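> No sequence on hand, only this structure:
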């Protein structure tokens, strides 16, 4: 089991038990002190059992629990924001189907490290007398109606969109939403819980989606993960594009439309964001990796827009305090409607390569510290980020969600990025012995 501000994840009845789920839910209830909670899940097979455990824990505290069933993570974040109630999303996000987990939401945003520590480290047995709470069905989520109002019914009339819904929670809203905006929609993998590809669209080749885009002459293809917050796009030529490119495209669209002058992205996000921000007269601030860290710095800097390139995750603080795949897709689709397919060429596309190394954390940290002494002035925001010649950089940091060390590199070509990543991965191994 791994616990981070991105959520708690594990394999049920292996490294994550229903007793753990109950304890974490009770602790979250105690920390918030609320008597009302929202609950939702993605379509993983262990979701119903975990939802029952969460609901039982919350009602044992005397709370009323509103169960929304299967909806996306961005949808439950929106509900938490609008109803001003804490929420629990039962999901392991982009992990494979055998995993599941819990994402905690408070005030429409993910929890910070202090709350996470209390949730994971608290002792549920001492929470007090058992109350008699109530489990009720959640109301119709406002998510789709609010996005239609934000972008305008019929505003994307005639844009042809293919979607690989991946058997996930985006099935609940993506096609109806796009239809209301006027798009011509071609969905695939649109049966709940039927996972015909890897859950993470970043890791999958999206062969079927690419084929549909080319066969039907679509303007764009959208590939979602299981809980609907992560997205990968396929362009009109059938090419799968990176999450960093997608975020650059979406932020370019949002900066032009809103006139915002501040953007917050994670330290591992492409420098393409800096390029489009400079073009719009905006300043870029960089946070530690992790959605909650981006949102926290957005609040601190007073920025409306932010995101994480690794997941293509656009965050618009005026709508949601989480990465929102649908919002990002609509920002791009609206520009495709007004500017045509040439919009794809309006932003720079750098290339990234990532290597995951299974090195014990203590040894990895020692290696990173030694490497830092060789590169004075490197960015220590999160791990070690070294700026290199010819518009290249490398970031070395322990993962917050997996027991690995990630070496991420960016450069102007695929070959250059791969070379930088391999060189620094080799160097880290040597220094971590």
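Everything's here; your move. Remember, predicted model here, so these are calculated numbers, not experimental data.

> So which residues of the stretch 51-200 of the chain form strands?
With DSSP state E, counting those that start in this stretch as the criterion, the stretch 51-200 of the chain has strands at 64-70, 87-90, 99-106, 109-110, 134-137, 160-164, 184-188.

> ok, longest helix in this structure?
Longest helix in the chain by number of residues (criterion: DSSP state H): helix 414-431.

> starting at the chain centroid, how far to that helix?
Averaging C-alpha positions (Cα atoms, centre = their mean, to the nearest Å) puts helix 414-431 26 Å from its chain's average.

> Check which helices and strands it sits against.
strand 351-357, helix 361-374, strand 392-398, strand 405-411 (3 or more Cβ pairs under 8 Å, 6 or more residues apart in numbering; DSSP states H and E). C-beta here means a position set from N, CA and C on the backbone, and glycine is covered the same way.

> Show the average pLDDT along the strand or helix carrying residue 326.
Element membership of residue 326, judged by DSSP states H and E, is helix 325-339. Averaging pLDDT along helix 325-339 gives 97.

> returning to what we had before: may I see the helices and strands packed on helix 414-431 organised as JSON lines, with mean pLDDT and mean neighbour count added?
Converted to JSON lines, the helices and strands packed on helix 414-431 look like this (pLDDT from 0 to 100; neighbours: other Cβ atoms under 10 Å):
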{"stretch": "strand 351-357", "mean pLDDT": "92", "mean neighbour count": "19"}
{"stretch": "helix 361-374", "mean pLDDT": "91", "mean neighbour count": "15"}
{"stretch": "strand 392-398", "mean pLDDT": "95", "mean neighbour count": "23"}
{"stretch": "strand 405-411", "mean pLDDT": "95", "mean neighbour count": "25"}
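
> a markdown table for those, including distance to residue 122?
A markdown table is the format used below for the helices and strands packed on helix 414-431 (distance: least, Cβ to Cβ, whole Å):
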| stretch | distance to residue 122 |
| --- | --- |
| strand 351-357 | 32 |
| helix 361-374 | 24 |
| strand 392-398 | 25 |
| strand 405-411 | 30 |
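
> Break the chain into its domains for me.
Structural domains annotated on the chain: 2-137, 351-431, as defined by automatic domain parsing.

> Could you dump these into JSON lines with distance to residue 268 added?
Shown next, in JSON lines, are those (distance: least, Cβ to Cβ, whole Å):
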{"stretch": "domain 2-137", "distance to residue 268": "14"}
{"stretch": "domain 351-431", "distance to residue 268": "5"}
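
> ok, the residue lying closest to residue 56 once chain neighbours are set aside - contacts?
Nearest non-adjacent residue to residue 56, counting by Cβ to Cβ, 6 or more residues apart in numbering: residue 22, 6.7 Å away. Residue 22 sits next to 53-54, 56-57, 124 when contact means Cβ atoms under 8 Å, 6 or more residues apart in numbering.

> which ones are touching the closest residue to residue 132 other than its chain neighbours?
Spatial nearest neighbour of residue 132, chain neighbours left out: residue 62 (6.3 Å); criterion: Cβ to Cβ, 6+ apart. Residue 62 sits next to 35, 130-133 when contact means Cβ under 8 Å, 6+ apart.

> Give me the buried positions along the helix holding residue 326.
Within helix 325-339, the residues scored as buried using 16 or more other Cβ atoms under 10 Å are 325-337.

> Output the lowest mean pLDDT helix or strand found in the protein.
strand 2-4 (a mean of 86; mean pLDDT, DSSP states H and E).

> How far does stretch 57-69 stretch from one end to the other?
Chord length of stretch 57-69, first to last residue, is 17 Å (Cα to Cα, to the nearest Å).

> How about it, which residues are buried there?
By neighbour count on 16+ other Cβ under 10 Å, the buried set for stretch 57-69 is 57-61, 63, 65-69.

> among the contacts of residue 62, who's most crowded?
Of all the contacts of residue 62, the highest neighbour tally under other Cβ atoms under 10 Å goes to residue 133, namely 21 neighbours.

> contacting residues around the closest residue to it other than its chain neighbours?
Excluding the flanking residues, the one nearest residue 133 by Cβ to Cβ, 6+ apart is residue 59, at 3.1 Å. By Cβ under 8 Å, 6+ apart, residue 59 lies in contact with 65, 131-135.

> for those, which one is nearest residue 407?
residue 65 (42.6 Å; Cβ to Cβ).

> Would you check that that closest one makes contact with residue 135?
Yes: under the criterion of Cβ atoms under 8 Å, residue 65 makes contact with residue 135 at 5.0 Å.

> Can you read off the pLDDT for the closest residue to residue 397 other than its chain neighbours?
Among residues not flanking residue 397 along the chain, residue 383 sits closest, at 2.5 Å (Cβ to Cβ, 6+ apart). For residue 383, the pLDDT comes out at 94.

> Pull the contacting residues for residue 383.
Residue 383 makes contact with 267, 368, 395-398, according to Cβ under 8 Å, 6+ apart.

> returning to what we had before: need the pLDDT of the residue nearest to residue 132.
The confidence metric pLDDT takes the value 95 at residue 62.

> For it, give its distance to residue 33.
For residue 62, the distance to residue 33 equals 11 Å [Cβ to Cβ, to the nearest Å].

> Could you do residue 259 as well?
In this structure, residue 259 and residue 33 are 40 Å apart, going by Cβ to Cβ.

> Equivalent analysis for residue 150, please.
Per Cβ to Cβ, residue 150 is found 32 Å from residue 33.

> Of these two, which one has the most company?
Comparing residue 150 with residue 33 by other Cβ under 10 Å, the one with more neighbours is residue 150, at 13 against 8.
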